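Asks: Sequence first, then the predicted structure:
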Amino acid sequence: MIEKDLTIMEIMIYGCPVLKEKAEPVTDITDDIVRLARDMVFTMHAAPGIGLAAPQVNHSLKLIAIDLSVGEKKEQLIVLLNPELLEKEGEAFMEEGCLSVPEINEKVSRPARVVVRGTTLDGKDITLEARDLLARVFCHEIDHLEGKLFVEHLSPLKQHLIKQKFKKKRESGGAA
Ligand code: NI
């Protein structure tokens, strides 16, 4: 597929109901799913971001894209259907952000190592081991599929402040 066929999708922002939904498994790798995955990768690279989950582009489906190189290294791109955490180990505390929660960066605790299972776009079941930042991004994106945003790992007070901030932005009609 050539680049002009790709679409930059609108990213749903904190407060949008789809971000709270539990995503549905992908049962069939249709042309629409392949197109969605490609548009997600394009959108993630354009943002720019290192991870994107389908609910963030208004599709409540278990589909994630991750690329720590943000398009620089092809081999770093991971697109997974129905990802699940098989193992988690250790703990790391690091600043995190999310394209759906712009301008908010907060330290969040995540496992230091995870093992993830999922299906690739060509229908292969794979198991991946990830550490550090990659482990963090897997946890972050899989959280999205559960309807959970990274800010929900913060203290109730911080969550309240963030909620107020986005409420004000919506009310003022500003670009949230
Ligand atoms: Ni996110």
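Replies: Happy to help now that I have it.
Asks: Alpha carbons of the helix or strand of the chain with the lowest mean pLDDT, in CSV - could you do that?
Replies: Ranking every helix and strand in the chain by mean pLDDT, DSSP states H and E puts helix 156-172 at the bottom, with a mean of 93. The C-alpha trace of helix 156-172 is given here as CSV (Å, rounded to 0.1, in the frame of the first residue of the first chain):
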residue,chain,number,x,y,z
PRO,A,156,-7.5,10.2,43.3
LEU,A,157,-6.4,13.8,43.8
LYS,A,158,-4.3,13.9,40.6
GLN,A,159,-7.1,12.2,38.7
HIS,A,160,-9.6,14.8,39.9
LEU,A,161,-7.3,17.7,38.8
ILE,A,162,-6.8,16.1,35.4
LYS,A,163,-10.5,15.5,35.0
GLN,A,164,-11.2,19.2,35.9
LYS,A,165,-8.6,20.4,33.4
PHE,A,166,-10.1,18.4,30.5
LYS,A,167,-13.7,19.4,31.5
LYS,A,168,-12.6,23.1,31.4
LYS,A,169,-11.0,22.5,28.0
ARG,A,170,-14.2,21.0,26.6
GLU,A,171,-16.3,23.7,28.0
SER,A,172,-14.2,26.5,26.5
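Asks: Helix or strand next in line after the strand or helix carrying L85, which one?
Replies: Taking DSSP states H and E as the criterion, L85 maps to strand 78-89. Moving toward the C-terminus from strand 78-89, the next helix or strand (DSSP H and E) is strand 92-96.
Asks: Can you mark which positions in that next one are buried?
Replies: For strand 92-96, a neighbour-count test (16 or more other C-beta atoms under 10 Å) marks 92, 96 as buried. No exception for glycine: its C-beta is placed from N, CA and C like everyone else's.
Asks: contacts for that strand?
Replies: Applying C-beta atoms under 8 Å, 6 or more residues apart in numbering, the contact partners of strand 92-96 are 105-112, 132-133, 135-136, 140, 150.
Asks: helices and strands around the following helix or strand past it, which ones?
Replies: The helix or strand immediately downstream of strand 92-96 is strand 106-110, counting by DSSP H and E. Packing contacts for strand 106-110, counted by 3 or more C-beta pairs under 8 Å, 6 or more residues apart in numbering; DSSP states H and E, involve strand 92-96, helix 132-145.
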